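# What would the 3D arrangement of this be:
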Amino acid sequence: MSKFTEAICYKSFGSVLNSLYLEPNCSVYHHSYKNGKDWVRIGFRATPINPSDINQIEGVYPVKPNTFPAVGGNEGVAQVLEIGQQVKDIKVGDFVIPRLSGFGTWRRETICDPACLFRVHKSIGLINAATVSVNLCSAYRMLHDYISLSQGSFYFTVRQDDVVIQNAANSGVGKAIIQICKHKKIKNINVIRKRETTEESNALMNHLKQLGSSMTVFEDDLINNVNKVQEQIMEHFKVLPILGLNAVGGENSTNIFRLLNKNGAMVTYGAMSKKPIKLPTGPFIFDNKKCFGFWMSQWYSDSQNNSKRSEMMNDICSMIEKRALSTLDYKLYSYKDYQRANPRLY
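Okay, here's the model as predicted:
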């Protein structure tokens, strides 16, 4: 068994261009590894690049490496290659994903503590398995945890009058939300930015509609004429949204909050505009509206959610197997081509 493996590392916090490098002789032993018989050797088969990975390298993400140099990547799917004598719940050949952020997934192989891993269904395929724990699970949790869309049932039966509104609808989380809403029969309103041409804007709207979008709103219209957008929503659905999902901030989020029905909630999970959220006081007092923040990594770190995680993963895998949910818009690159994997970062 080799003591070294190939990995994409960073030597310090800083820009991706200056910090990342390909290390051909990275130690195969993960920081969780303990000498003994309770260990697993895994080989990563696919590892995505998420915005949080870049933020982590830049030093602005709450989850930070224990030491430098550090292996990049927080998400990915690996196959179990070998197990220690005391390992019982994981078998050779299983697909596994990290339980928590900060694992360091941009590596060929590693030997780690089996407690760091979570088994996933092989039937969902390599790409979905590699990306299930961030975007797909974030979408699922936010639709479930903040508004009783289901009368309290985990596998929720949606009332016909439930409406959800979200911005960043063309993001990975946004598209997952649309797909889950379609499968669960939740009506959904999706805010997007206009593209450079009318043809491109129409193509994006049609794409989201095919995924399950009930209604699309341009960000300019939301910001500049929210009253008209409200009229359109009432004409279309006869009711205002009960749940708003915000990954943008600024005026976009302010007006999503304005559009919520009484007793509605807005959940913020990102800040793409890098602008603060400014909310009117009246709706808090007179309409009993609420605001929450959501971070998937924090949800995973709470041991009280372990049983919910298994139930959630089973439900998500079921949707994937039924082709109701999938990770979209990806390209595959080899480790040696890591600098080309996302040209926007360079």
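
# just checking, Ile83 touches Ile42?
No - contact criterion CB atoms under 8 Å: Ile83 and Ile42 do not qualify, at 9.6 Å. C-betas here are computed from N, CA, C, even on glycine.

# Could you double-check that Gly14 sits in contact with Val60?
No - counting by CB under 8 Å, Gly14 does not reach Val60; the two are 10.9 Å apart.

# Tell me which residues of stretch 172-190 come out buried.
Across stretch 172-190, burial judged by 16 or more other CB atoms under 10 Å covers 172-184, 186-190.

# Quick check: helices, which of these are part of them?
Cross-referencing the buried residues of stretch 172-190 against helices under DSSP state H gives 172-184.

# per-residue confidence for Tyr338?
For Tyr338, the model assigns a pLDDT of 85.

# now stretch 319-335, how far from the chain's geometric center?
Remark: stretch 319-335 is offset 13 Å from the chain centroid, using CA atoms, centre = their mean, to the nearest Å.

# I misspoke; the intended subject was stretch 312-329.
13 Å.

# Verify the assumption that Ser307 is located in a helix.
Yes - counting by DSSP: H, G, I helix; E, B strand; the rest coil, Ser307 is found in a helix.

# Let me know how buried it is, in neighbour terms.
By the criterion of other CB atoms under 10 Å, Ser307 has 9 neighbours.

# how about the helices in the stretch 1-150 of the chain?
16-19, 51-58, 126-131, 137-145 (DSSP state H, counting those that start in this stretch).

# What helices and strands are in contact with the shortest one?
Under the contact definition 3 or more CB pairs under 8 Å, 6 or more residues apart in numbering; DSSP states H and E, helix 16-19 sits against helix 51-58.

# the inter-axis angle of the helix it packs on versus helix 172-184?
160 degrees (axes from the mean of the first three to the mean of the last three CA atoms, to 10 degrees).

# Just name whatever secondary elements helix 51-58 is in contact with.
Using 3+ CB pairs under 8 Å, 6+ apart, helix 51-58 is in contact with helix 16-19.

# next one: the helix it packs on to chain centre, how far?
On CA atoms, centre = their mean, the centre of helix 16-19 falls 24 Å from that of its chain.

# Next, the buried residues of that helix.
Result for helix 16-19 [16+ other CB under 10 Å]: buried residues Val16, Ser19.

# separation between His31 and Ile277?
36 Å (CB to CB, to the nearest Å).

# Comparing those two, which shows the higher neighbour count?
Each of His31 and Ile277 has its neighbours counted (other CB under 10 Å); Ile277 has more, 20 against 17.

# looking at this, the more buried one is in a strand?
No - assignment of Ile277 by three-state DSSP gives coil, placing it outside any strand.

# Is it correct that it is in contact with Asn246?
Yes - if you go by CB under 8 Å, Ile277 and Asn246 touch, sitting 7.3 Å apart.

# what touches both of the two?
Ser253, Thr268 (CB atoms under 8 Å, 6 or more residues apart in numbering).

# what's the burial count for Asp287?
15.

# Please name the residues that touch the nearest residue to it once chain neighbours are set aside.
Of all residues beyond its chain neighbours, the one nearest Asp287 is Lys262 (4.5 Å), with distances taken as CB to CB, 6 or more residues apart in numbering. By CB under 8 Å, 6+ apart, the contact list for Lys262 reads Asp287, Asn288, Lys289.

# Quick check: the gap between the last one and Val132.
Applying CB to CB, one obtains 31 Å for the distance of Lys289 from Val132.

# For the two, indicate the residue with more neighbours.
Val132 (26 against 21).

# Taking the centroid of the protein, which residue is nearest it?
Asn135 (2.0 Å; CA atoms, centre = their mean).

# Quick check: the residue lying closest to Lys274 once chain neighbours are set aside vs Lys175, distance?
Leaving aside its chain neighbours, Lys274 sits nearest to Gly249 (7.2 Å; criterion: CB to CB, 6+ apart). Remark: distance between Gly249 and Lys175 (CB to CB) = 20 Å.

# What of Arg309?
Arg309 is 22 Å from Lys175, by CB to CB.

# buried set for stretch 21-36?
Within stretch 21-36, judged by 16+ other CB under 10 Å, the buried ones are Glu23, Cys26, Ser27, Val28, Tyr29, His30, His31, Ser32, Tyr33.

# what are the C-alpha coordinates of that stretch, in PDB please?
C-alpha atoms of stretch 21-36 as PDB (Å, rounded to 0.1, in the frame of the first residue of the first chain):
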ATOM      1  CA  TYR A  21      -0.800  23.400  -6.800                       C
ATOM      2  CA  LEU A  22      -0.800  19.700  -7.800                       C
ATOM      3  CA  GLU A  23       1.100  17.700  -5.200                       C
ATOM      4  CA  PRO A  24       2.200  14.300  -6.500                       C
ATOM      5  CA  ASN A  25       3.400  13.000  -3.200                       C
ATOM      6  CA  CYS A  26       0.700  14.000  -0.700                       C
ATOM      7  CA  SER A  27       0.500  11.700   2.400                       C
ATOM      8  CA  VAL A  28      -2.300   9.200   1.900                       C
ATOM      9  CA  TYR A  29      -3.200   9.400   5.600                       C
ATOM     10  CA  HIS A  30      -6.100  11.600   6.400                       C
ATOM     11  CA  HIS A  31      -6.000  13.800   9.600                       C
ATOM     12  CA  SER A  32      -8.800  11.600  11.000                       C
ATOM     13  CA  TYR A  33      -6.700   8.400  10.700                       C
ATOM     14  CA  LYS A  34      -5.800   6.600  13.900                       C
ATOM     15  CA  ASN A  35      -3.400   3.700  14.100                       C
ATOM     16  CA  GLY A  36      -5.200   0.400  14.600                       C
END
